[in-house]
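Asker: Got a predicted structure here, sequence first:
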Amino acid sequence: MDRTESGAQGTDAAPTSPMWLRDQVLEGLRDGIATGRFKPGDRLVERDLADGFGVSRVPVREAIRILLNEGVLEALSPRRIVVKEMSRRDVENLFDMREALEVLATRRAAERATPAGLDQLARLLESAHRATSTGRADRINRANLAYHHQIVELAGNELLAATLESLEGRLRWLFQQIDDPGALYEEHRALTEAIASRDVEAAADASLRHVRHYRAVALRLLFGEGEGEGGGEGGGESGDG
């Protein structure tokens, strides 16, 4: 998963090429859904989106098709595409996938990371720290997405990366369900240290605790579970879990 620090999807396509335009629309729609600009139940109209992005309907149609396949959108009819509302079961299923795939990615990262790759992970962690200090939800989210993408890059498993890529839209929305970005940074710092130590089991344990913590946070924020019972500590108004 070759991503820039902004979390944008990597592509070799030239600017203004059909693939580049599709990826720009796709990135914009993913961000809009993750940040709540497009809310569950909102209808996405090709013509309006094309005008908003300054492109033809073709890249918009292709981006919508990808998001339908990812399960971020749903077709109520051939001409009515809406942002899918995530049920509690949907959220639980996503966290099950995160737990399986991210713990595996962290294990492989601890085994396979190169010194240069670890340096990049440390730089992305520092970038996330700077973003957290701004309080800007969009910056925090992008920086923490880039951090998680780098762990997958360090794992060196193309099939794992492709599987996570297919979940990108839903995971990006899920990563927004955070209420304390400072705590999130501290968990990422501990995760970085565990990977750099080359202690595979310690890294896997840190990743598992991290995912399970934010499962509890997301369920509390989305469905009120755990309210008045100490809930889980959170991660921020935005960010990545």
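Answerer: Now that the structure is in, tell me what you want to look at. Numbering: from 1, shown residues only.
Asker: What average pLDDT does stretch 86-98 get?
Answerer: Averaged over stretch 86-98, pLDDT sits at 95.
Asker: Send over it as CSV, restricted to the C-alpha atoms.
Answerer: In CSV, the C-alpha atoms belonging to stretch 86-98 read as follows (Å, rounded to 0.1, in the frame of the first residue of the first chain):
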residue,chain,number,x,y,z
MET,A,86,-23.4,1.2,9.6
SER,A,87,-25.2,-1.1,12.0
ARG,A,88,-23.7,-2.4,15.3
ARG,A,89,-23.1,-5.7,13.5
ASP,A,90,-21.3,-3.9,10.7
VAL,A,91,-19.0,-2.2,13.1
GLU,A,92,-18.3,-5.4,15.0
ASN,A,93,-17.5,-7.2,11.8
LEU,A,94,-15.1,-4.5,10.7
PHE,A,95,-13.3,-4.7,14.1
ASP,A,96,-13.1,-8.4,13.7
MET,A,97,-11.3,-7.8,10.4
ARG,A,98,-9.1,-5.1,11.9
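Asker: contacting residues around it?
Answerer: By CB atoms under 8 Å, 6 or more residues apart in numbering, the residues outside stretch 86-98 that reach it are 40, 167, 170-171, 173-174, 211, 214-215, 218-219, 222-223. For glycine as for every other residue, the C-beta is placed from the backbone atoms N, C-alpha and C.
Asker: So which of those residues are in helices?
Answerer: Arg170, Leu171, Trp173, Leu174, Val211, Tyr214, Arg215, Ala218, Leu219, Leu222, Phe223 (DSSP state H).
Asker: Out of the residues you listed, which comes closest to Ser197?
Answerer: Proximity of the ones in helices among the contacts of stretch 86-98 to Ser197 was ranked by CB to CB; the top entry is Val211 with 19.3 Å.
Asker: so how many other residues sit close to the closest one?
Answerer: Neighbourhood size, Val211 [other CB atoms under 10 Å]: 21.
Asker: Check Arg108 too.
Answerer: With neighbours defined by other CB under 10 Å, the count for Arg108 comes to 21.
Asker: One more: Arg123?
Answerer: Arg123 has 14 nearby residues by other CB under 10 Å.
Asker: By mean pLDDT, point me to the weakest helix or strand of the chain.
Answerer: helix 168-175 (a mean of 85; mean pLDDT, DSSP states H and E).
Asker: what's that helix packed up against?
Answerer: helix 18-35, helix 57-70, helix 88-112, helix 137-155 (3 or more CB pairs under 8 Å, 6 or more residues apart in numbering; DSSP states H and E).
Asker: Quick one, which of the ones in helices among the contacts of stretch 86-98 are buried?
Answerer: With burial judged by 16 or more other CB atoms under 10 Å, the buried subset of the ones in helices among the contacts of stretch 86-98 is Arg170, Leu171, Trp173, Leu174, Val211, Tyr214, Arg215, Ala218, Leu219.
Asker: who's in contact with the residue most central in space within the chain?
Answerer: Nearest to the mean C-alpha position of the chain, by CA atoms, centre = their mean, lies Arg172 at 3.2 Å. Arg172 makes contact with Arg30, Asp31, Ile33, Ala34, Asn141, Leu145 under the criterion CB under 8 Å, 6+ apart.
Asker: ok, those residues vs Asp199, which is closest?
Answerer: Leu145 (25.4 Å).
Asker: circling back to that earlier point, now render the contacts of stretch 86-98 as a markdown table, adding distance to Ala105.
Answerer: Below are the contacts of stretch 86-98 laid out as a markdown table (distance: CB to CB, whole Å):
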| residue | distance to Ala105 |
| --- | --- |
| Pro40 | 28 |
| Leu167 | 12 |
| Arg170 | 17 |
| Leu171 | 12 |
| Trp173 | 20 |
| Leu174 | 16 |
| Val211 | 11 |
| Tyr214 | 16 |
| Arg215 | 17 |
| Ala218 | 19 |
| Leu219 | 23 |
| Leu222 | 24 |
| Phe223 | 27 |
